[in-house]
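Colleague: structure of the sequence below:
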Amino acid sequence: MSKYSKLEVGLLIFLIFVALLPFVLILVIAEESPFHPVSGEPVNEAALATGITVTSAKDSTWNMHGAIGGKTYVLTDNKGETVTVSTQSFDSAETRNAAVRLYHSQPIGRGKPVGSLVVLGQHLVYVTPANSDILKCLAPELKKNRIP
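Modeller: This next block holds a predicted model:
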């Protein structure tokens with residue numbers, strides 16, 4: 001094997017390592033949210049606790065494996081900002097995590113939803129738009145339902 005081909009092999013190994021590094025870091029650093037039952041309607045309760053008005057609420061079930069039902073809320077704050085919040089409960093940690101992976105697998109700008117996804121026990125909470133002040137108000141209340 002000549003010196004030139006060793007350089008090519010080394011460069012190829014380096015490029016593969018650089019390409020896989022982000023995935024390895026995600027696996028090492030990422031923290032999985034524990035799957036635990038959260039009773040009641042956490043979004044409705046958080047909205048009431050923060051003074052946000054629940055304009056409407058209706059039952060909904062996402063078309064995903066393991067989804068067992070949830071609610072879609074329209075929330076309005078005292079400044080007139082309105083957001084849509086959808087919740088979905090899942091039957092197992094595996095099906096919930098598969099839904100999270102599916103959400104994050106969408107490339108930005110190509111079918112990826114414009115909202116923010118929050119994991120809360122057996123629930124996924126999806127807020128549209130992601131940068132709303134209402135989400136900033138709800139977040140501390142929703143975090144109270146997490147396992148420390």
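Colleague: does the residue most central in space within the chain count as helix, strand or coil?
Modeller: Nearest residue to the geometric centre of the chain (CA atoms, centre = their mean): residue 117, 2.7 Å. Recorded secondary structure, residue 117: strand (DSSP: H, G, I helix; E, B strand; the rest coil).
Colleague: poorly predicted segments of this structure, please.
Modeller: Along the chain, segments meeting pLDDT under 70 span 1-4, 23-36, 108-113, 145-148.
Colleague: and residue 67, what are its bridge partners?
Modeller: residue 90 (DSSP bridges).
Colleague: that one against residue 95, yeah?
Modeller: Yes - if you go by CB atoms under 8 Å, residue 67 and residue 95 touch, sitting 7.4 Å apart. All C-beta spots, glycine's among them, are computed from the backbone N, C-alpha and C.
Colleague: shouldn't residue 123 be in contact with residue 40?
Modeller: No - applying CB under 8 Å as the test, residue 123 and residue 40 come out as separate, 10.7 Å apart.
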